[in-house]
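A.B. asks: one predicted model, sequence on top.
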Amino acid sequence: MIQIRNLTKKYEKLTAVDDLSLDIGENEIFGLLGPNGAGKTTVIHMLATLLKPTSGSATVSNFDIIKESAKVRASIGIVFQVPSSDDLLTGYENLKIHAFLYGVPSHIREKRINDALELVGLVERKNDQVKKYSGGMRRRLEIARGLIHEPNVLFLDEPTLGLDPTSRETMWKYIQKLVKEKNMSIILTTHYMEEADLLCNRIGIIDKGKIIALGTPSELKSKLHGDIVRLKTKDDKTDITPLKNLHFIHKIESVDGYIILNVDDAKRNIPEILKIIDTEYVEYTSPTLNDVFLKLTGRTIKEQAEGGFMERYVQYDRH
């Protein structure tokens, strides 16, 4: 559905996207993850023909983003971070205007509007002004608007930003429903790691304009080799050399006064570690996408919305 070859975007001395090559298939939810300034928004803007690349090429729905930009725009839908629906109009009126703008034929216009409203669960509120909608309802209306012309590709830029946990989970169900019922590909950007883990068939982690990791969520997490154990010793001078002799420990690091271990089956093997090292406490978790990102970039993705994902740890308190 999308083919990208050596795509590059430069701004004087800054290279925002650096020689990017990537294929995204039909009926795929592809997650593009990265910190602010990594280049993900620039990639989307080039694919949506909002920016011209400095070099390289790309096709969307088999249309060249430079030579056939009008056809590309007709084949895509975009839901931006900031809602752009008119607050004073009703949900129905917003969709009707969008249908006019995209040239949806009059004999199918009403059906398209009703189908989109039904898909996102807004039929009963279609005649209410948008200013009376909740945050979750507004995001769903934005998605409905992006679907009016039945695009082959839908770009979702932070689709659940600012939503409460319940609304976020509802939005996830609608996104999964889109791929199943509308036979489309979705390119998703998000700062919520659990969102990417749940929704995406594949994930590309981008940093400094380059894809630094690509694969399914499971494939990316498997690269960390086992569970992650984080422990604090009672004495900073404690000798941790004996840990190196344990066959189930793959990696030992010291970070901010803590000892970080990659351990096979931590639940079973932590007691063996505690026999060797005198600790104040120890905690463990299975690898997350956030752990993958931290390993690859040396930093975590900074979440920009309230209600961010909190990693859950099982703790062994020695006291």
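C.D. replies: Perfect, thanks for sending it. Numbers count the residues shown, from 1 in each chain.

A.B. asks: please make it C-alpha for all contacts and neighbour counts, starting now.
C.D. replies: OK.

A.B. asks: pLDDT weak spots in the stretch 151-300 of the chain?
C.D. replies: Scanning the stretch 151-300 of the chain for pLDDT under 70 picks out the ranges 299-300.

A.B. asks: please enumerate the strands of it.
C.D. replies: 153-157, 185-189, 202-207, 210-215, 227-233, 249-255, 258-263, 279-285 (DSSP state E, counting those that start in this stretch).

A.B. asks: just send the ones you listed back as JSON lines, with mean neighbour count too.
C.D. replies: Compiled in JSON lines, those are given as follows (neighbours: other CA atoms under 10 Å):
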{"stretch": "strand 153-157", "mean neighbour count": "24"}
{"stretch": "strand 185-189", "mean neighbour count": "24"}
{"stretch": "strand 202-207", "mean neighbour count": "23"}
{"stretch": "strand 210-215", "mean neighbour count": "17"}
{"stretch": "strand 227-233", "mean neighbour count": "21"}
{"stretch": "strand 249-255", "mean neighbour count": "14"}
{"stretch": "strand 258-263", "mean neighbour count": "20"}
{"stretch": "strand 279-285", "mean neighbour count": "18"}
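
A.B. asks: in a markdown table: the ones you listed, plus distance to Pro83.
C.D. replies: A markdown table is the format used below for the strands of the stretch 151-300 of the chain (distance: least, CA to CA, whole Å):
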| stretch | distance to Pro83 |
| --- | --- |
| strand 153-157 | 11 |
| strand 185-189 | 16 |
| strand 202-207 | 25 |
| strand 210-215 | 28 |
| strand 227-233 | 39 |
| strand 249-255 | 40 |
| strand 258-263 | 42 |
| strand 279-285 | 36 |
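
A.B. asks: relative to Ser21, which of these is closest?
C.D. replies: Set against Ser21 and scored by CA to CA, the strands of the stretch 151-300 of the chain come closest in strand 210-215, at 8.5 Å.

A.B. asks: need the residues that contact the closest one.
C.D. replies: Residues from elsewhere that reach strand 210-215, judged by CA atoms under 8 Å, 6 or more residues apart in numbering: Val17, Asp18, Asp19, Leu20, Gly39, Arg202, Ile203, Gly204, Ile205, Ile206, Leu220, Leu296.

A.B. asks: just the angle for it relative to strand 202-207, thanks.
C.D. replies: 160 degrees (axes from the mean of the first three to the mean of the last three CA atoms, to 10 degrees).

A.B. asks: strand 210-215 pairs with which strands?
C.D. replies: The strands that strand 210-215 pairs with in its sheet are strand 202-207 (antiparallel) (by DSSP bridges).

A.B. asks: would you put the C-alpha positions of the partner strand in CSV?
C.D. replies: Taking C-alpha atoms only, strand 202-207 is exported to CSV below (Å, rounded to 0.1, in the frame of the first residue of the first chain):
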residue,chain,number,x,y,z
ARG,A,202,4.5,-3.9,13.0
ILE,A,203,6.4,-1.0,14.5
GLY,A,204,9.1,1.2,13.2
ILE,A,205,11.1,3.1,15.8
ILE,A,206,12.5,6.3,14.3
ASP,A,207,15.2,8.4,15.8
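
A.B. asks: just want the angle from that strand to strand 185-189.
C.D. replies: Angle, strand 202-207 to strand 185-189, by the same axes, to 10 degrees: 40 degrees.

A.B. asks: show residues contacting strand 202-207.
C.D. replies: For strand 202-207, using CA under 8 Å, 6+ apart, the contacting residues are 28-35, 38-40, 196, 211-217, 293, 297.

A.B. asks: re earlier: now the contacts of strand 210-215 as CSV including distance to Leu261?
C.D. replies: CSV is the format used below for the contacts of strand 210-215 (distance: CA to CA, whole Å):
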residue, distance to Leu261
Val17, 34
Asp18, 34
Asp19, 35
Leu20, 34
Gly39, 32
Arg202, 27
Ile203, 25
Gly204, 26
Ile205, 23
Ile206, 26
Leu220, 18
Leu296, 16
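
A.B. asks: Pro287: which of the residues you listed is nearest?
C.D. replies: Set against Pro287, the nearest of the contacts of strand 210-215 by CA to CA is Leu220 (9.4 Å).
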